[in-house]
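**Q** with the input below, show me the fold.
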Amino acid sequence: MTSTIPFGTVKLVLETVGRGVFFPVWWYTRGLLDILKFIQGSIKNQYINLGLGVWLANLFVPMYGSTDWASRLISFFIRLFMVVVRGLAMFFWLIIMLLFLIGYLLLLPVSVFGFLFHFVGFFFA
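**A** Residues are numbered from 1 along each chain as shown. Predicted structure coming up:
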């Protein structure tokens, strides 16, 4: 009596191996595009949350409708200070997103290296 492997089992094994081989390609193509879209949306949301565009657009508009020179000067410097502070917050957010991107790019090779290092060490220790 001959034993045959069911077609479903062969298909499952081939699909699992194919996905495992294709995973690094996906990680640096489609996965990277998804991460870049996330970062772009996050930066855009942070820009809106900080209201940086509104502060920049109203930099030369006097506060509270006061049109005398002292009020205009005070309004300008207060808004300039707020633009600088919010710009720094935006800069730090950009740095965090850049570190997130670098972490994503390094996660796969570091994980594979760690797995192989411990896998080999397990058998030869």
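**Q** burial count for residue 86?
**A** Counted by other CB atoms under 10 Å, the residues lying close to residue 86 total 19. Where C-beta positions appear, they are placed from N, C-alpha and C, glycine not excepted.
**Q** quickly find the element holding it.
**A** Applying DSSP states H and E as the criterion places residue 86 in helix 69-124.
**Q** how about low-confidence regions in this structure?
**A** Low-confidence segments of the chain (pLDDT under 70): 1-3, 125.
**Q** I'd say residue 86 and residue 51 touch.
**A** Yes - in this structure, residue 86 is within contact of residue 51 by CB atoms under 8 Å, at 7.1 Å.
**Q** what residue lies at the spatial centre of this structure?
**A** Compute the mean C-alpha point of the chain, and by CA atoms, centre = their mean the closest residue is residue 39, 3.7 Å away.
**Q** from residue 50, how far off is the residue nearest to it when sequence neighbours are not counted?
**A** Distances taken as CB to CB, 6 or more residues apart in numbering place residue 97 nearest to residue 39, at 4.8 Å, with adjacent residues excluded. In this structure, residue 97 and residue 50 are 14 Å apart, going by CB to CB, to the nearest Å.
**Q** please report phi then psi for residue 68.
**A** Residue 68 adopts backbone torsions of phi -70, psi 160, taken as degrees, to the nearest 10.
**Q** distance of it relative to residue 62?
**A** Residue 68 is 8 Å from residue 62, by CB to CB.
**Q** looking at those two, which is more packed in?
**A** Legend: neighbour count by other CB under 10 Å for residue 68 and residue 62, higher for residue 62 (17 against 9).
**Q** OK, contacts around that one?
**A** 71-72, 75 (CB atoms under 8 Å, 6 or more residues apart in numbering).
**Q** I'd say residue 66 and residue 75 touch.
**A** Yes - using CB under 8 Å, residue 66 is in contact with residue 75, at 7.5 Å.
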